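[1] Structure, please.
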Amino acid sequence: QVQLVESGGGLVQTGDSLRLSCAASGRSLSDYAMGWFRQAPGKDREFVANINWNGAVTAYADSMKGRFTISRDNAKNMGYLQMNNLKPEDTAEYYCAAGLRVSSVLSEFPYRGQGTQVTVSS
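    Presented below is the predicted three-dimensional model:
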């Protein structure tokens, strides 16, 4: 199975950018589709974006379209989430996940990291 570790979170101001990274180990990331999810305090975990095994197909939640970009580098066993024009409502713990199917549903991604916190101040 694959292990995932996120990094790149932090405290930023409205309008700033961050790039989150997801480092995979234990197995080739190219065996999996990837997704990013987030969870704000007091809310359920929600879908952010997904990408198929070779990066050719991506999808985003409506509120992230045009601001977030998901990508991957299978040669480095890495996944990424570029987040631009951040807003206070983007404040959440962000998780990367891997699974055999491209989906917006968290249960389709059995392998998940521990998360990285993103805080956007107004």
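[2] Wait, a strand at residue 30?
    No: going by DSSP: H, G, I helix; E, B strand; the rest coil, the assignment for residue 30 is helix, not a strand.
[3] which residues touch the closest residue to residue 80 other than its chain neighbours?
    For residue 80, ignoring the flanking residues on the chain, the nearest one in space by Cβ to Cβ, 6 or more residues apart in numbering is residue 71 at 4.8 Å. Where C-beta positions appear, they are placed from N, C-alpha and C, glycine not excepted. Going by Cβ atoms under 8 Å, 6 or more residues apart in numbering, residue 71 touches 51, 55, 79, 80, 82.
[4] do that again at 7 Å, thanks
    51, 55, 80 (Cβ atoms under 7 Å, 6 or more residues apart in numbering).
[5] so can I have TSV of these showing distance to residue 103?
    As requested, those are exported to TSV (distance: Cβ to Cβ, whole Å):
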residue	distance to residue 103
51	11
55	16
80	19
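[6] just the buried members of these?
    Neighbour counting by 16 or more other Cβ atoms under 10 Å classes 51, 80 among the contacts of residue 71 as buried.
[7] Could you verify that residue 69 is part of a strand?
    Yes: assigned with three-state DSSP, residue 69 falls within a strand.
[8] quick one on the thing from earlier: in strands only, show me the contacts of residue 71.
    51, 80 (DSSP state E).
[9] Using TSV, please lay out the contacts of residue 71 together with pLDDT and distance to residue 86.
    As requested, those are exported to TSV (pLDDT from 0 to 100; distance: Cβ to Cβ, whole Å):
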residue	pLDDT	distance to residue 86
51	98	20
55	95	23
80	98	15
